[in-house]
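> A structural model of the following input is requested.
(chains A and B)
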Protein chains: 2
Amino acid sequence: MTSKAKQSPRERLLEAAATLAYRDGVGVGVEALCKAAGVSKRSMYQLFESKGELLAASLEERSSAYVARALPAADDERSPRERLVHVFERVELQAGEPEFQGCRYLAVQIELKDQGHPASQVAHRIKGGLTAFFRAEAERGGASDPDLLARQLILVFDGAGARAGIGADSLTGLIAPTVAALLDAAGMR
Amino acid sequence: MTSKAKQSPRERLLEAAATLAYRDGVGVGVEALCKAAGVSKRSMYQLFESKGELLAASLEERSSAYVARALPAADDERSPRERLVHVFERVELQAGEPEFQGCRYLAVQIELKDQGHPASQVAHRIKGGLTAFFRAEAERGGASDPDLLARQLILVFDGAGARAGIGADSLTGLIAPTVAALLDAAGMR
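Numbers count the residues shown, from 1 in each chain, chains lettered A, B, ... in the order given. Predicted structure coming up:
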């Protein structure tokens, strides 16, 4: 990770927005964001039209790292079933991290309560990409209904993240048999 | 429903908190709550120690109606499997209502990001009651692992509510086969 001193004001704002919005919610104030980034409000508004645009940009900026962390490598030689299971193994691992509070993209959409908000739209698009990955693997693996299986898997992904994020469940011994039951029901190889 | 004129200031505050926190999030201001309830701030603070206590009380107050709406009647003669399916039929129905934004108890916990907050604790307890219902029916229905099935069902409940609440899925044709696959895998009668 780059040291703070070497980051531009824009990068520092993006990092502050990602960290504070995840930890404290989208209601985090502009003052707090600017303070954490060490950037004046004036500079912030020169870089971003609004706090909403900053939030959206911070989600966008993290999306490649998110996809890289969640998905298997494009060229790995595992079966479609194993590639799907991989995603849920990562969810279970992440859920065990102390700062885990669930999926940031789901949280942003629930908190904003406005699906037209720029940050909601970024979140919606990123999760749509994950659903498309599920669907493609479902189809490659011969699922009886790839659309249904993809919807089921993203539902489990969001339910698991939400429950672990609020500390209601550890996911241990839960997510693997749940995903297996759905893959079995779909006849996935 | 009682007309506003006949409700006490306490009842009006509880209703305003339930409505506005659900629609706008837990960040809704005390001013907005008091205005919607037609109650002065001074009166509010005489009735509730804090906005947090008001939120907690509003969740608590709705819990019996919530349980009545979500669960089958205690004395219905359907099988445990049918009684479990009933809950998810209700979720699908509610998800079709225009003002639906997902499960209010999950949203409160995600938004507050503080599981020690009085409102989070009420929410946690109410969802624990739902999980206990799932577990009891799973056991009565001969599920191979009633604990696991209960955790799976509450995960699906929260995942489905969250995805429908943000408008990412309608749940139509999704929730029934998902629940059926899990009940089948558990060997539920």
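> can you list contacts of stretch A:138-158?
A:79-81, A:84, A:87-88, A:91, A:103, A:106, A:127, A:130-132, A:134-135, A:175, A:178-179, A:182-183, A:186-189, B:155-156, B:159-160, B:162-163, B:168-169, B:173-174, B:177-178, B:181 (CB atoms under 8 Å, 6 or more residues apart in numbering or on different chains). From N, CA and C alone the C-beta is placed, and that goes for glycine too.
> now it: mean pLDDT?
Across stretch A:138-158, the average pLDDT comes to 98.
> what do you get for stretch A:66-76?
91.
> so how far is it off the chain centroid?
From the chain centre to the centre of stretch A:66-76 is a distance of 13 Å (CA atoms, centre = their mean, to the nearest Å).
> Show me which residues of that stretch are buried.
A:66, A:70-72 (16 or more other CB atoms under 10 Å in any protein chain shown).
> Inside helices: which ones of the residues you listed?
In helices, judged by DSSP state H, the following of the buried residues of stretch A:66-76 are found: A:66, A:70.
> Format the buried residues of stretch A:66-76 as a markdown table; extra columns: distance to B:Leu54.
Output for the buried residues of stretch A:66-76, formatted as a markdown table (distance: CB to CB, whole Å):
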| residue | distance to B:Leu54 |
| --- | --- |
| A:Tyr66 | 37 |
| A:Ala70 | 39 |
| A:Leu71 | 43 |
| A:Pro72 | 47 |
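> Show me which of the contacts of stretch A:138-158 are buried.
A:80-81, A:84, A:87-88, A:91, A:103, A:106, A:127, A:130-131, A:134-135, A:175, A:178-179, A:182-183, A:186, A:188, B:155-156, B:159-160, B:162-163, B:168-169, B:174, B:177-178, B:181.
> Residue of chain A nearest chain B, please.
A:Gly159 (2.4 Å; CB to the nearest CB).
> Can you classify that residue by secondary structure?
Following DSSP: H, G, I helix; E, B strand; the rest coil, A:Gly159 is assigned to helix.
> Who are the contact partners of it?
B:155-160, B:162.
> So which of these is the closest to A:Ala21?
Taking CB to CB as the measure, A:Ala21 lies nearest B:Ala162 of these, at 17.8 Å.
> helix or strand for the residue lying closest to A:Arg62 once chain neighbours are set aside, which one?
Using CB to CB, 6 or more residues apart in numbering or on different chains and skipping the chain neighbours, the partner closest in space to A:Arg62 is A:Ala18 (5.7 Å). If you go by DSSP states H and E, A:Ala18 is part of helix A:9-24.
> Specify the next element, helix or strand, located C-terminal of that helix.
Immediately after helix A:9-24, counting by DSSP H and E, sits helix A:30-37.
> ok and that next one relative to helix A:9-24, angle-wise?
120 degrees (axes from the mean of the first three to the mean of the last three CA atoms, to 10 degrees).
> What are the boundaries of the helices in chain A?
Using DSSP H, helices in chain A cover A:9-24, A:30-37, A:41-47, A:51-70, A:80-95, A:104-112, A:118-140, A:146-165, A:175-185.
> quick one: A:Leu47 and A:Ser40, what's the gap?
A:Leu47 sits 11 Å away from A:Ser40, going by CB to CB, to the nearest Å.
> what about the two, which has more around it?
Remark: of A:Leu47 and A:Ser40, A:Leu47 carries more neighbours, 15 against 11, as counted by other CB atoms under 10 Å in any protein chain shown.
> Quick check: the gap between the residue of chain A closest to chain B and B:His117.
22 Å.
> what's the pLDDT at the closest residue to A:Tyr105 other than its chain neighbours?
Of all residues not flanking A:Tyr105 in the chain, A:Ala123 sits nearest, at 3.8 Å (CB to CB, 6+ apart). pLDDT, A:Ala123: 98.
> low-scoring pLDDT stretches of chain A, where are they?
Scanning chain A for pLDDT under 70 picks out A:1-5.
> what's the span of stretch A:17-37, first residue to last?
9 Å (CA to CA, to the nearest Å).
> what's in contact with that stretch?
Counting by CB under 8 Å, 6+ apart, A:9, A:12-13, A:15-16, A:40-41, A:43-44, A:51, A:54-55, A:57-59, A:61-62, A:99, A:101, A:104, A:107-108, A:111-112, A:119, B:25, B:27, B:111, B:113 sit against stretch A:17-37.
> same thing but at 6 Å, please
A:12-13, A:16, A:41, A:44, A:51, A:54-55, A:58, A:62, A:104, A:108, A:111-112, B:27, B:113 (CB atoms under 6 Å, 6 or more residues apart in numbering or on different chains).
> Also stretch A:52-71?
With CB under 6 Å, 6+ apart, stretch A:52-71 has contacts from A:14, A:17-18, A:21, A:48, A:87, A:90, A:117-119, A:122-123, A:126, A:133.
> Mind checking which of these are buried?
A:14, A:17-18, A:21, A:48, A:87, A:117-119, A:122-123, A:126, A:133.
> how close does A:Asn172 get to B:Ala123?
Actually, residue A:172 is Thr. It isn't Asn. 23 Å.
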